[in-house]
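*Asks:* Model the structure of this input:
(2 chains)
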Amino acid sequence: MKLKVMAFGIARDILGSAEVDFDLPENSKVGDLKEHLLKQFPAFAGLRHLAVAVNCEYAEDEVIFNAMDEVVIIPPVSGG
Amino acid sequence: MRHNIQLFDQPLDPALARQQVEDPSCGGVVLFVGNVRNATQGKEVLRLEFESYRPMALREMEKIAIESLERFRIHKMSIHHRLGTLQIGESAVIIAVSAPHRKAAFKACAYAIDTLKETVPIWKKEIFSDGEVWVAATP
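*Replies:* Prediction:
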């Protein structure tokens, strides 16, 4: 499945783009995307932690992607 | 509406946040203003750049306000966050809380800013004379 993934902050710097398309096996989960990211972009391993939002909500590793999901990589936040 | 949640591209106005929460039933209004500091760990900061995943940031800020209203029995809460490039001394965040009594307002305000810093998808980059760094991104 083609998954369009957005990234902010340091995650965008690591990806080199604010939006990247990933080709993942059907029924891939949030955890699979994280594994894929760490393999393809080892710099992610240097972050304090790595979260993924699906449709504007923090998503656990077990969540399965749907084709139309809005997927965003959320590096450690630092608002305030 | 007992909460007001906004992201601003222009300077924040503490008077607006205060006015949004004030009410004749409330004897206490607590206003937290988070400003841009001129240094971090002894190193001079020139300015900060904030960015956000806006739709989710608004949702997470709203969750904080709703949780605060339920948990602390306050009357109203406003959370305003600034985005874009901020100079030293400018305000990045304002939280205003009103309650019949001050203790609840203080507690709710502390809870709101602490939680905002942990959950709301907003990121800031510190700009130094010799480089820049995303705050709190790495250990």
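*Asks:* Quick one: name the residues of chain A near chain B.
*Replies:* A:6, A:8-10, A:13, A:46-48, A:53, A:56-58, A:72, A:74-80 (Cβ under 8 Å from any Cβ of the partner chain). No exception for glycine: its C-beta is placed from N, CA and C like everyone else's.
*Asks:* close to chain A, is the strand or helix carrying B:His80?
*Replies:* Using DSSP states H and E, the element containing B:His80 is strand B:76-82. Yes. Contact of strand B:76-82 with chain A (Cβ under 8 Å from any Cβ) involves B:His81.
*Asks:* So which elements touch that strand?
*Replies:* Other helices and strands packing on strand B:76-82, by 3 or more Cβ pairs under 8 Å, 6 or more residues apart in numbering or on different chains; DSSP states H and E, are strand B:3-8, helix B:14-21, strand B:47-52, helix B:54-72, strand B:91-99, helix B:102-119.
*Asks:* highest average neighbour count across these?
*Replies:* The highest mean neighbour count among those, using mean count of other Cβ atoms under 10 Å in any protein chain shown, belongs to strand B:91-99: a mean of 25.
*Asks:* Can you go through the residues of chain A next to chain B and name the buried ones?
*Replies:* The neighbour-count test (16 or more other Cβ atoms under 10 Å in any protein chain shown) marks A:6, A:8-10, A:47, A:53, A:56, A:72, A:74-80 as buried among these.
*Asks:* Contact residues of chain B facing chain A?
*Replies:* Going by Cβ under 8 Å from any Cβ, the residues of chain B near chain A are B:34, B:50-53, B:55-57, B:59, B:81, B:92-93, B:113, B:116-125, B:134-139.
*Asks:* now the helices for chain A?
*Replies:* With DSSP state H as the criterion, chain A has helices at A:9-15, A:30-40.
*Asks:* Packed most tightly, which of the ones you listed would that be?
*Replies:* Most buried among those, counting by mean count of other Cβ under 10 Å: helix A:9-15, with a mean of 22.
*Asks:* how distant is that helix from the center of its chain?
*Replies:* Relative to the centre of its chain, helix A:9-15 is centred 11 Å away, using Cα atoms, centre = their mean, to the nearest Å.
*Asks:* Now do that helix: which elements does it pack against?
*Replies:* If you count contacts as 3+ Cβ pairs under 8 Å, 6+ apart, helix A:9-15 packs onto strand A:71-74, strand B:122-128, strand B:131-134.
*Asks:* tell me the mean pLDDT over it?
*Replies:* Average pLDDT, helix A:9-15: 98.
*Asks:* ranking the helices and strands packed on helix A:9-15 by burial, who's on top?
*Replies:* Using mean count of other Cβ under 10 Å, strand A:71-74 ranks as the most buried of these, with a mean of 22.
*Asks:* circling back to that earlier point, adjacent strands (with direction) for the strand holding B:His80?
*Replies:* Partners of strand B:76-82 in the sheet, by DSSP bridges, are strand B:3-8 (parallel), strand B:91-99 (antiparallel).
*Asks:* Format the CA atom coordinates belonging to stretch B:118-134 as PDB.
*Replies:* C-alpha atoms of stretch B:118-134 as PDB (Å, rounded to 0.1, in the frame of the first residue of the first chain):
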ATOM      1  CA  GLU B 118       4.300  16.900  26.700                       C
ATOM      2  CA  THR B 119       1.500  16.300  24.200                       C
ATOM      3  CA  VAL B 120       0.700  19.200  21.800                       C
ATOM      4  CA  PRO B 121       2.400  18.800  18.400                       C
ATOM      5  CA  ILE B 122       4.300  22.100  18.400                       C
ATOM      6  CA  TRP B 123       8.100  22.200  17.800                       C
ATOM      7  CA  LYS B 124      10.500  25.000  18.500                       C
ATOM      8  CA  LYS B 125      14.000  25.500  17.100                       C
ATOM      9  CA  GLU B 126      16.500  27.600  18.900                       C
ATOM     10  CA  ILE B 127      18.600  29.800  16.600                       C
ATOM     11  CA  PHE B 128      22.200  30.600  17.900                       C
ATOM     12  CA  SER B 129      24.800  32.700  16.300                       C
ATOM     13  CA  ASP B 130      26.700  29.500  15.300                       C
ATOM     14  CA  GLY B 131      23.800  27.100  14.500                       C
ATOM     15  CA  GLU B 132      20.400  25.900  15.400                       C
ATOM     16  CA  VAL B 133      18.800  23.000  17.300                       C
ATOM     17  CA  TRP B 134      15.300  21.500  17.600                       C
END
